Structures are given as structure tokens and as C-alpha cells.
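Colleague: Got a predicted model here, sequence first, then my questions.
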Amino acid sequence: MGTNSNGDRDRDRDRDRDRPWQSYHTVYTNAKAGMDGVDKEKVQKIVYEMSKGSKYFENEKRKEATIKQKIENLQAQCALLTDERLSSYQTIADKQIIDLEATRDLSKIWLHADMDAFYAAVETLENLALKGKPLAVGSMSMLCTASYEARKFGVRAAMPGFIARRLCPDLILVPPNFQKYTYYSELTRKVFQNYDPDFIATSLDEAYVNITDICNYKCMSSEQIASELRNAIYEQTGLTCSVGVAPNRLLAKVCSDINKPNGQFILPNDHKAIMTFISSLPIRKVGGIGKVTEHVLRDVLGINTCEDMLQKSAYLCALFSEHTTDFFLSIGLGLGRTDTPQQMLRKSMSCERTFSATEDESELFQKLADIAETLSNDMQKEGLFGRTLTLKLKTSSFEVRTRATSLQTYIHSKEDILGHASKLLKAELPLSLRLMGLRMSQFYDAKPGHHDPMQKTLKSFVITDASQSTSCGSYSSNLHLRNGANIDLSADDQSCFSKDESDNLMVACEPEEYQQSNKLAAVKVYSPGNDAHGVKDNTDECVPQVQMDNEGRSNHNTLSINAEASLTNQNEETLWWIDGYICSVCGAELPPCFMEERQEHSDYHLAVMLQKEESLQNRRGLLQSERSVGSLPDNRQGGDVARKKQKTSKGKFIPIDAFFNRSKKDC
């Protein structure tokens, strides 16, 4: 196991005092293609010195303390495991491994294409004077990407430009131009379309392509198809890409990173070849393993490679949930998805911007107007109208808030979006912000043949179904699928999993403190500072907390709920993630690392639930009113009954704001 002796811990403390930057783990020092020869300690020291004392630094230190506590708790649980218990867990693990192995599918050939330093490559293509020079796309606040020449100095994406300039004084900064990047992305997608009409675009510069059929059709090997596809992309765009070919998408993603830039790696559809490949593969190379998960597995169990997962399978079963253990063991076996996900209708659309921290209200409202215009343009291109608007805010201290409202009509114009978004923002000011975003959900399609779902039918006013009444769901709001979607499988918002001392199965994701219980029962949400273990039981938090306005009246628009995404009604229609990634309501598939997409998916189902509740309340109210009016002798009595009905129903209908807004106390 990876537990330290007292002597090791003393040495670690001495090292931290003498070289404090070594204990400061940030995304900036992680290995990335083109950074193999970088002096990691030098970069880490510079990042530490330039970050020290900042709000970001303090936020990172708080997260480090939480992770350290989690590791110590797991180490304590390991120390309590007897040989007898470990033997029992080993039996369970062996059965899981056998069951997982039985699902292996070697009949498909998947290719993952990843454009090389895409944004920087596009800028160089259009300005040859930049060729061969250290280049980064972004600003002094944040970088989108860096050329391979810049990466040699330790410069990389998600790094502030002022730190990058310290690492590489000759660095050339170019502001991003997403109109250009989208144009070149569309050219690459036309190539992917020729090889697989159902290819999966995960970002502007990445895609998964099922080349099984094209290999058979052309009687060509996967290596030949990979070379042909890369050449076709170069001919169409003048840009290079790296590809990986493997029996499943998980391995194909890993393979595409091996021979970057402008290379390819082919992993045969052979069991022995896969196990050999996996045996020495660092766990951090696998999608779904982020820096927190890597840290926990290494320090608690001494797991560094995928093969170590199988060797420590008994400990994994003892410490983590069944679904989490399946995930880890699947990595150890080199298993991944081989099917093409079913195409889904868009559930939401979002746009956000990061900027230098400011509390200037006029500047914030101007940025909000720009975001609203971009979101409106995107919606109008697809002919979409939305009814649920969510405002995302990240403060200068890196606290994330979301505020949402459910509208009476469907909208998509900039003026309408900005009007409602401004009200949400105004309620939060004064505030120093470094990020704002808008998300629209609960769509209807304005194209011919699609009717407005707000339009009532005669049947809706007559039929009433009491069984459709819904109860309060629990929801936590802290934070596009298929071709053209902005999902990045390579992002570091990956999964870390644990159990608390009461043996409740928990799942935590990074970088946001987000956890998803796979149980139908009470949901628990992890949030630093809730208790000694960072675990908070929100079983009772689906009861709205009513805030009072200045005159002492209850304000239902400020109702606040802070719980995980679990939608429950009296028909037992509960949203939870079967096997950790399948939506129990509609069957959509989203892995744990897709935190924002899973939240937006929950938003959609929650909005549908609330719309049903609203419609049901309206129908009941109308029928009740008609019956009452029919039996009343005069209008005065009818007015009294109407007022009485309004009074007694107050509090039963909860606006959608209640399920999205957090009170300032919670924030």
C-alpha cells in the first residue's frame, strides 16, 4: 500500500518547509504533448512564486487541504482492513473482473483525431511570420493553447499569460478568433463525415470516428485508413493532426497522444496487445483520471499504472463504490465504449467569458450584453427558443454561483435574453467577478412542423391526472452532445471517488466539488467545510428555505435549494445514473467527467417536471374555478372564493427559480 511511515511523513514536512512549491499542485505542471523535456520543478517554482498570495492561490490551498483530509481518511480505513476482510473483498473483485472481461468487444475499430495545437496552428497558417516561434493564443489573463515551441518552456493552455511570459520572455500572444477556428473545424468535420457519418465531435479540434465499416469497404488496414484520413485533413486545411486507433474510444484517445504532433499510433484488436499496452500506462493518461484522482490513488494505494488497478483490486472494492470500482477495474483491463451513442436533441446552449476580475457594474453589464448577443445568435442559427435562463458567475475568489429563472414565454432575441439576465445579475451586485456565462434550456424548435409547447389544447383544460403531481426534487447548481458539440473529453474535470466512514457510497468529481450518488435514496453532496470529511447530508434540503423581503413577506423567487441532481416525483420517476453514466429517465449516456453536461441534462428534466406541475396546477385551478362559479349566487361570492383559493394555494407552486437559485447564505 501507499501509506507513509512516520519517517516518510517527517521528511515530507521538512521538504514542504524548504521547498514549498513542491506541495503546490496545479494544472500548469502536468505532462502534456510537447512538454516531456520541461524542467517541471522550475516551472512549478515559478508558478508558485507568481501565484502566492493571490485569491486563486488561497482557493487552491483550500482544495489541497480538503484532498489531504480525504487521503488521510482513506488511509485510516486501509489500516483497519484485516486479512480476512481483504480476502473477502478480493473474491468480490475477482468476480467483477470476470464479469467485466466478458463484456470486451474487439469487433470495432475506433479512431480518435486530435488537431495539433489547433488555435495556434490556425494563427500560424494565416500568418507565416509566426512559424517556428513560441506562440500562445489568449491574453495576459488566460491562454487557450500554446504552440509546441512555447511548450518547451512549460507554457500551456489554462495558464495565465503573465506567468507564461515569465517562463518564456519571447512568447508571442495572439488574441483568439473563434470565427476562424470554427471555419477550419468545419473543414475537418467534412473529412470525418466521409469516413463515418455518425462521427462524434467532442470539441472544435477533436473527434471520434468509427472506421470499422470503411476498413472493410476499402479492404484497407486501420493504419492505412489513419494515414489517409490525416492526409485528407492536411489537404483540406493545411493543418496537421495526430490520431490513435484502438478497439474502443477510451484507448483510441490515449493512443492519439502518443506520437504527437503529426503522428499516429495503432493498437491492434488483440487481447494480449491491449494488456501489454495497459500494463505500463500511467493512470493520468486515461480520460476520467484527473489530478485529484491520481493523487488519491497514488498516495493511498500506491497505484501509478493501469496494471496496478488490478493488483490492488481488493483495496478498491473495500474503499470505493461498486460503480467506481467497475470504472477503475475497466481501466485496468483496457475496456471502453465501442458503440456509437444515440443522437440526442440539444437540451441546452451556453456561452461564457473569462476576464480580469472587476466590480465595475457598467463593465459587467456590457460583458453580459456581449454574452447575450452571442447566445442569441447561436440559438437563432438553429431556430431554437428557450424558456429557462441560467446565469453563471465566478467571483474573484473563484466561488461559482448560478442563478436561473423560468420565463412565461419562449425567447431567443438578444433583447429578451439580456433583459432577464440583467435582473438576475443586478440582484447579486455589488460583486467582483472574473467569469460570466448564460445558459438557455427547455427548448422548442421553431422550424416548420414544430408547435409551441406553451400553446394549450382543449384536452389539456379538461383532463386532469392527479397521479402527475410532483414533489420537491433535490438539486445542486454549481456550475452540446454529438456533432458540433463543445464537449472536451480530455479536460481535467475528471472523477475521484470515495466512501465516508458510515459506508455511504460517494462519488466526487474535480475540479468543482461535485458528487453524484448512484442511489435512489437520500443524496449526499460533498462540499469543503461541511464536516470533517467534506460530506454533507442534504436529505432534508429539498424543503425550500423561504427568505423574507424588506417588508417581511416571504419571497418565493429567492427560494434556495442546495442538493445534488436527483429528480423525484410521486411516480418514482427519479433521475440517477445507472452504471454511473446512463440517465434513468431517458437513457442518455454521460460519463461522470461530463459534469456540466450532466448538470444541463438534469436541468432539462427538472424543467420538464416543473412545467408539468405548473400545467397541472393551472388545469386544476381552472376546473375548480369553473365548478365554484357555477354554484355561486353572485359575483361577489365568486371573488371571495377566488381570493380564498389563491391564499390556500400559496406555497404549493414553486417557481423554477427555487430549484436553481442559491441563497447568499449558501454561497
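Modeller: On my side now, so go ahead. The model shown is predicted, which means the values in this text are computed figures rather than measured ones. Numbers count the residues shown, from 1 in each chain.

Colleague: Outside of stretch 125-143 itself, list whatever touches it.
Modeller: 119-120, 123-124, 144-147, 149-150, 152-153, 155-162, 164-165, 168, 170-176, 180, 237-239, 354-356 (CB atoms under 8 Å, 6 or more residues apart in numbering). Every C-beta, even on glycine, is put in place using the N, C-alpha and C of the backbone.

Colleague: Report the buried residues of that stretch.
Modeller: Buried positions in stretch 125-143, judged by neighbour count with 16 or more other CB atoms under 10 Å: 130, 134-139, 142-143.

Colleague: Where does pLDDT dip in the chain?
Modeller: 1-31, 343-345, 445-582, 584-667 (pLDDT under 70).

Colleague: In terms of residue numbering, what are the domains of it?
Modeller: 6-80, 110-266, 348-444, 456-666 (automatic domain parsing).

Colleague: Mind picking the two most distant members of the buried residues of stretch 125-143?
Modeller: Based on CB to CB, the longest span within the buried residues of stretch 125-143 runs between Leu130 and Met142 and measures 19.8 Å.

Colleague: For the host helix or strand of Ala421, which helices and strands make contact with it?
Modeller: Taking DSSP states H and E as the definition, one finds Ala421 inside helix 414-426. Using 3 or more CB pairs under 8 Å, 6 or more residues apart in numbering; DSSP states H and E as the contact test, the elements touching helix 414-426 are helix 361-381, strand 384-395, strand 400-411, strand 433-445.

Colleague: What segments of the stretch 51-200 of the chain are helices?
Modeller: Assigned by DSSP state H, counting those that start in this stretch, the stretch 51-200 of the chain shows helices spanning 55-79, 83-101, 118-126, 148-151, 161-167, 178-195.

Colleague: outside of the second one, which residues touch it?
Modeller: So that's helix 83-101. Contacts of helix 83-101 (CB under 8 Å, 6+ apart): 81, 310, 313-318, 322, 325-326, 329-330, 333, 335.

Colleague: Please indicate which of those residues are buried?
Modeller: Of the contacts of helix 83-101, these count as buried by 16+ other CB under 10 Å: 310, 313-318, 325-326, 329-330, 333, 335.

Colleague: which one of those is nearest Gln264?
Modeller: Leu335 (22.4 Å).

Colleague: would you list the buried residues of stretch 125-143 in CSV and tack on distance to Val38?
Modeller: Shown next, in CSV, are those (distance: CB to CB, whole Å):
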residue, distance to Val38
Leu130, 21
Pro134, 13
Leu135, 17
Ala136, 15
Val137, 19
Gly138, 19
Ser139, 23
Met142, 20
Leu143, 15
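
Colleague: Now, those residues that are in strands?
Modeller: Among the buried residues of stretch 125-143, DSSP state E puts 135-138, 143 in strands.

Colleague: Can you tell me which of the residues you listed is nearest Val300?
Modeller: Scanning these for proximity to Val300, where the rule is CB to CB, the winner is Leu143, at 32.9 Å.

Colleague: just to revisit the earlier point, generate a ChimeraX selection restricted to the buried entries among the contacts of stretch 125-143.
Modeller: The buried residues among the contacts of stretch 125-143 can be selected in ChimeraX (16+ other CB under 10 Å) with this line:
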select :119,120,123,124,144,145,146,147,149,150,152,153,155,156,157,159,160,161,164,168,171,172,174,176,237,239
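
Colleague: that older thread, which of the buried residues of stretch 125-143 lies closest to Ser406?
Modeller: Met142 (32.6 Å).

Colleague: any idea how far the closest one lies from Arg434?
Modeller: For Met142, the distance to Arg434 (CB to CB, to the nearest Å) stands at 10 Å.

Colleague: what is in contact with those two at once?
Modeller: Joint contacts of Met142 and Arg434 (CB under 8 Å, 6+ apart) are Thr354.
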